[in-house]
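> fold the stuff below for me.
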Amino acid sequence: MRLTNDLRNAIIDNILKYVPTVNNNAAIEKLVNGEAHDQLPTALKKAIYEDKDVKNYLEYECLRTPPFRGIYVQNRHYKPSEKVIKQAQKLHNEQSESRSKIRKLREELKGLLGGITTLEKLIKQIPEFEKHVPDTSKPLKNLPVTQVIGDLMKAGWKNK
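I've put the predicted structure just below:
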């Protein structure tokens with residue numbers, strides 16, 4: 001069977017599923033939101049403690065600078081401290097390094113698989129990758145032909 005780019009990409013995706021990655025977004029968000037809450041006025045913190053619904057009336061502010069990009073806090077006057085900036089930057093750097101490692105591995109795998117033209121050659125040359133080959137008995141869903149055929153059949157097309 002011919003080793004198409006779609007099949008190569010599916011194999012690469014399957015292989016990279018087993019490479020550990022670092023996602024520190026939740027840790028950064030928790031760190032920032034904790035400090036943002038601590039910076040609220042005492043009376044407001046007391047009101048939130050007494051009635052959790054009060055927090056629903058606070059406006060969200062989206063932070064737009066790294067390492068906080070895309071994190072929302074419920075404190076429009078939040079200013080991150082140096083300590084939080086350093087901790088968040090460290091977490092952000094770990095995550096960036098992990099993403100870079102995955103991108104590099106993806107490129108290496110593309111280069112390796114780019115020179116192999118058939119599935120049989122792949123399995124013969126790199127038997128460790130055989131278990132990462134997707135089921136080839138059914139067509140890949142992202143192929144445009146599958147979509148067009150499906151649309152034709154929905155429209156009443158009969159293949160005679």
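> shaky segments in the protein?
138-146, 159-160 (pLDDT under 70).
> show me the helices in it, by range?
Here the chain has its helices, by DSSP state H, at 5-16, 25-38, 42-50, 82-114, 119-125, 144-154.
> and the most centrally placed residue in the chain, what is it in contact with?
Nearest residue to the geometric centre of the chain (CA atoms, centre = their mean): Asn23, 8.5 Å. Neighbour list for Asn23: 95, 98 [criterion: CB atoms under 8 Å, 6 or more residues apart in numbering]. C-betas here are computed from N, CA, C, even on glycine.
> can you check Arg99 too?
Thr21.
> can we see that at 10 Å?
Contacts for Arg99 (CB atoms under 10 Å, 6 or more residues apart in numbering) come out as 21-23.
> tell me which of the helices of the chain sits nearest to Arg64.
helix 25-38 (12.7 Å; CB to CB).
> hey, C-alpha coordinates of that closest one in PDB?
These are the backbone C-alpha positions of helix 25-38, laid out as PDB (Å, rounded to 0.1, in the frame of the first residue of the first chain):
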ATOM      1  CA  ASN A  25      -1.400  26.400  31.700                       C
ATOM      2  CA  ALA A  26      -3.600  25.200  34.700                       C
ATOM      3  CA  ALA A  27      -0.700  25.800  37.100                       C
ATOM      4  CA  ILE A  28       0.000  29.300  35.700                       C
ATOM      5  CA  GLU A  29      -3.700  30.100  35.900                       C
ATOM      6  CA  LYS A  30      -4.000  28.900  39.500                       C
ATOM      7  CA  LEU A  31      -1.000  30.900  40.500                       C
ATOM      8  CA  VAL A  32      -2.200  34.100  38.800                       C
ATOM      9  CA  ASN A  33      -5.800  33.800  40.000                       C
ATOM     10  CA  GLY A  34      -4.700  33.200  43.600                       C
ATOM     11  CA  GLU A  35      -2.700  36.300  43.600                       C
ATOM     12  CA  ALA A  36      -5.400  38.300  41.800                       C
ATOM     13  CA  HIS A  37      -7.800  37.300  44.500                       C
ATOM     14  CA  ASP A  38      -5.400  38.300  47.200                       C
END
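> sounds good, over and out.
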